[in-house]
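Colleague: Show me the folded form of this:
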Amino acid sequence: MANIILDKERRLIPNWRSFGKTTVLGELNSFSNIKSNENLVFGIDDYLIDWKANKSAAYASDLLSAAIVNNFTDDKEVISAANFIYNLGDRATKSQIKLAESILNRNSNDIIEFDNFDKIDNLLDVVNVISIREKISDLKNVLKKYPNNAILYVELSRLYSIIGQEDKSISSMKTALHISNDNRFILRSATRLFTHVNYDDDENINFIHRILKKTKATLFDPWLLSAELSLATLKNQNSKFIKQGYTLINSKNYDLFSLTELQSSLATIELLNGSHKKSRELFHKSLVKPNDNSLAQFEWATTKDDKIKLDKLPADIKLDFEAKAIDSFNSKKYDESIKNAIKWFADMPFSKRPIMFGSNLATIILKDHQLSIDFLNSGLISHPNDPQIINNLAYSFSLNNEPTKALSLLNKVNTSDLDYTTEVCLIATRGLAQYKLGNIEEGRNLYMEAIQSTKDKNERELNWIAILNFAREELLVNPKEKENLSALIDKIPDDSKNVEITTLKKDVKEIIEQI
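Modeller: Numbers count the residues shown, from 1 in each chain. I've put the predicted structure just below:
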């Protein structure tokens with residue numbers, strides 16, 4: 001059986017996009033009306049010298065990157081370099097053009113359109129491994145000339161993560177942090193990476209959390225403070241910076257957009273602590289000038305507190321595919337939801353969440369098993385050995401009448417150190433594959449094992465899902481059990497908030513009616 005369709009919890013971990021795209025979204029802009037601590041601002045003199053001596057696109061883009069990060073975008077030489085790149089036209093890369101346009105404020109509303117999210121015909125084309133490897137090779141060549149460019153190491157790390165080269169991704173990010181450990185873009189990207197590759201021992205999360213707590217920038221930069229608060233809640237800890245977070249949002253010295261994630265992180269903490277009134281107030285404030293991440297967090301919060309709602313959500317938020325996918329899902333607009341899930345994955349191709357969301361929606365509700373298979377095969381590029389993705393892929397293969405492929409996948413799963421949910425799902429999915437192969441008794445025994453285990457563990461929803469999957473397969477091969485199975489599934493409540501359960505129950509009821 002597949003894992004449940006939506007994660008039970010969501011934390012406001014920073015999204016991780018390319019430097020150029022992050023710049024265009026405004027998440028690297030100056031955030032307040034007060035001057036930053038001068039000790040925390042990097043100079044751009046070295047980049048200026050290189051640019052003046054070497055009038056080329058490579059040197060110009062390095063200067064623009066440094067200028068944006070350090071708020072020197074009004075410098076005459078920076079503007080000159082931006083014009084130089086902009087006038088190159090097709091001879092400059094898209095990333096370079098985006099940087100130049102962000103400096104010159106040209107076509108700012110259209111910069112992100114190059115991604116062509118509405119023109120995705122095949123999920124498997126989203127992650128072009130050959131193209132990414134070429135980009136990695138190009139970046140490595142540039143780094144030979146500019147070995148101290150921390151931003152390029154972050155870009156390299158992101159590319160490695162997309163194609164599942166985890167060790168190289170971590171190594172590249174650690175190099176970036178060694179060069180610059182108080183840069184907003186680097187720290188937020190590292191937060192996402194080390195959360196993304198976290199394991200049971202929390203080593204990676206603890207690593208980046210220590211850095212965030214030590215850097216002085218976290219005290220006054222709301223984007224970094226939000227990241228620290230989210231990591232603390234992810235670890236079930238109380239952050240020592242909560243009071244500082246309220247100081248920042250109440251100071252009136254900060255641009256509202258720069259506060260959106262901080263307000264949302266504080267709102268999440270209040271929600272988890274049971275302070276629903278305060279949580280609602282903070283979530284509503286976070287939506288005055290939201291980004292895609294704070295909007296998605298709001299959508300998640302509405303599933304935890306039905307009083308957290310707005311009559312009309314903000315419009316024209318760039319790249320808000322996750323929020324739209326969840327909102328459409330909650331509104332039962334499933335065709336719209338799956339379209340946004342595809343765009344969400346295209347925007348975050350290293351992320352597991354859109355893979356699990358999209359594949360479950362496709363196979364459980366839309367009954368489009370091939371689309372689910374495409375989602376999951378795409379997810380295996382960045383998560384080549386992930387047991388949850390492999391389980392769901394085997395589940396979809398089985399429902400698509402390809403049980404041999406399903407069992408081949410299941411036999412490759414490393415069963416050590418599995419969480420309980422994944423472990424029991426793998427047992428049930430193996431049962432499904434055996435049913436589809438015609439090995440009824442073996443399939444029945446595996447399902448019984450999953451059902452008894454979830455009952456013993458008092459895992460109600462998992463138990464219901466196992467029963468419903470078993471009932472569906474048993475009815476197809478043994479319709480004489482109609483009355484017994486009907487009585488069994490009638491014990492499962494109709495008012496479950498889990499859409500997977502209500503959908504599976506409806507499917508089984510339809511089979512019973514047809515017998």
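Colleague: I'd say L393 and L380 touch.
Modeller: Yes: here L393 reaches L380: they are 7.3 Å apart, a contact under Cβ atoms under 8 Å. Backbone N, C-alpha and C define where each C-beta goes, glycine included.
Colleague: now whatever helix or strand L488 lives in: mean pLDDT?
Modeller: Here L488 sits within helix 482-489, counting by DSSP states H and E. Averaging pLDDT along helix 482-489 gives 92.
Colleague: Quick check: buried residues in that helix?
Modeller: Of all the residues in helix 482-489, those buried under the rule 16 or more other Cβ atoms under 10 Å are K482, L485, S486, L488, I489.
Colleague: hmm, back to that, higher neighbour count, L393 and L380?
Modeller: L393 (27 against 16; other Cβ atoms under 10 Å).
Colleague: Quick one: distance of the helix holding L488 to the chain centre.
Modeller: Averaged C-alpha coordinates place helix 482-489 at 40 Å from its chain's average position (Cα atoms, centre = their mean, to the nearest Å).
Colleague: Ok, stretch 348-361 next?
Modeller: Mean C-alpha position of stretch 348-361 versus that of the full chain (Cα atoms, centre = their mean) differs by 8 Å.
Colleague: ditto for stretch 192-205
Modeller: 14 Å.
Colleague: picking up where we left off before, for the helix holding L488, packing partners?
Modeller: In terms of contacts (3 or more Cβ pairs under 8 Å, 6 or more residues apart in numbering; DSSP states H and E), helix 482-489 is packed against helix 460-477, helix 499-514.
Colleague: mind checking which of those is nearest I79?
Modeller: Of all the helices and strands packed on helix 482-489, it is helix 499-514 that lies closest to I79, at 52.1 Å by Cβ to Cβ.
Colleague: contacting residues around the closest one?
Modeller: With Cβ atoms under 8 Å, 6 or more residues apart in numbering as the contact definition, helix 499-514 has outside contacts at 2, 4-5, 329, 360, 364-365, 461, 464-465, 468-469, 471-472, 475-476, 482, 485-486, 489, 492, 494, 496.
Colleague: Just give me the neighbour total for the nearest residue to Y420 once chain neighbours are set aside.
Modeller: Excluding its sequence neighbours, the residue lying closest to Y420 (Cβ to Cβ, 6 or more residues apart in numbering) is K457, at 6.8 Å. Other residues within reach of K457, judged by other Cβ under 10 Å, total 13.
Colleague: quick one: contacts for T93?
Modeller: A57.
Colleague: Okay, it and A100: tell me how far apart.
Modeller: 11 Å (Cβ to Cβ, to the nearest Å).
Colleague: What of I492?
Modeller: 59 Å.
Colleague: quick check, F375 in a helix?
Modeller: Yes: using DSSP: H, G, I helix; E, B strand; the rest coil, the assignment for F375 is a helix.
Colleague: Skipping its backbone neighbours, what lies nearest it in space?
Modeller: S359 (4.0 Å).
Colleague: you'd agree the one you found is up against S372?
Modeller: Yes: under the criterion of Cβ under 8 Å, S359 makes contact with S372 at 4.4 Å.
Colleague: Find residues that contact each of those two.
Modeller: Common neighbours of S359 and S372 (Cβ under 8 Å, 6+ apart) are N392, S396.
Colleague: Between those two, which has more neighbouring residues?
Modeller: In this view S359 and S372 are compared by other Cβ under 10 Å, and S359 has more residues nearby, 32 against 28.
Colleague: residues near N87, how many?
Modeller: 10.
Colleague: burial count for K277?
Modeller: Neighbourhood size, K277 [other Cβ under 10 Å]: 9.
Colleague: element containing it?
Modeller: Using DSSP H and E, K277 maps to helix 276-286.
Colleague: Could you verify my assumption that K482 touches L475?
Modeller: Yes: contact criterion Cβ under 8 Å: K482 and L475 qualify, at 6.7 Å.
Colleague: Give the intersection of the neighbour lists for the two.
Modeller: I512, I515.
Colleague: what about the nearest residue to N291 once chain neighbours are set aside, how many neighbours?
Modeller: Excluding the flanking residues, the one nearest N291 by Cβ to Cβ, 6+ apart is T260, at 5.7 Å. Other residues within reach of T260, judged by other Cβ under 10 Å, total 28.
Colleague: For T260, what are phi and psi?
Modeller: phi -60, psi -40 (degrees, to the nearest 10).
Colleague: pLDDT weak spots in the chain?
Modeller: Scanning the chain for pLDDT under 70 picks out 3-8, 31-43, 46, 69-71, 106-122, 199-201.
Colleague: Leaving out the residues flanking it, which one is nearest to L248?
Modeller: P222 (5.3 Å).
Colleague: Near the one you found, how many other residues are there?
Modeller: The burial count for P222: 25, using other Cβ under 10 Å.
Colleague: again, but for T218
Modeller: There are 23 residues near T218, going by other Cβ under 10 Å.
Colleague: Against I365, how distant is it?
Modeller: 42 Å.
Colleague: surely V129 meets I163?
Modeller: Yes: applying Cβ under 8 Å, one finds V129 in contact with I163, separated by 5.5 Å.
Colleague: which residues do those two both contact?
Modeller: Contacts common to V129 and I163, judged by Cβ under 8 Å, 6+ apart, are I381.
Colleague: For the two, indicate the residue with more neighbours.
Modeller: I163 (21 against 11).
Colleague: my guess is the more buried one meets S131, correct?
Modeller: No: in this structure I163 lies outside contact range of S131 using Cβ under 8 Å: 10.2 Å.
Colleague: Can you list the neighbours in contact with stretch 80-87?
Modeller: With Cβ under 8 Å, 6+ apart, stretch 80-87 has contacts from 51, 55, 57, 59-61, 63-64, 92, 96-97, 99-101, 103-104, 106.
Colleague: quick one: which helix or strand includes the most centrally placed residue in the chain?
Modeller: For the chain, the residue sitting closest to the mean C-alpha position, by Cα atoms, centre = their mean, is S351 at 4.3 Å. Under the criterion DSSP H and E, no helix or strand holds S351.
Colleague: Just want the phi and psi numbers for it.
Modeller: Here S351 shows phi and psi, under degrees, to the nearest 10, equal to phi -90, psi 140.
Colleague: Could you give the number of residues near the residue lying closest to L282 once chain neighbours are set aside?
Modeller: Excluding the flanking residues, the one nearest L282 by Cβ to Cβ, 6+ apart is A267, at 3.5 Å. Using other Cβ under 10 Å, A267 has 26 neighbouring residues.
Colleague: and A267, how far is that from D182?
Modeller: Distance from A267 to D182, by Cβ to Cβ: 26 Å.
Colleague: now swap in Y153 and tell me
Modeller: Y153 is 15 Å from D182, by Cβ to Cβ.
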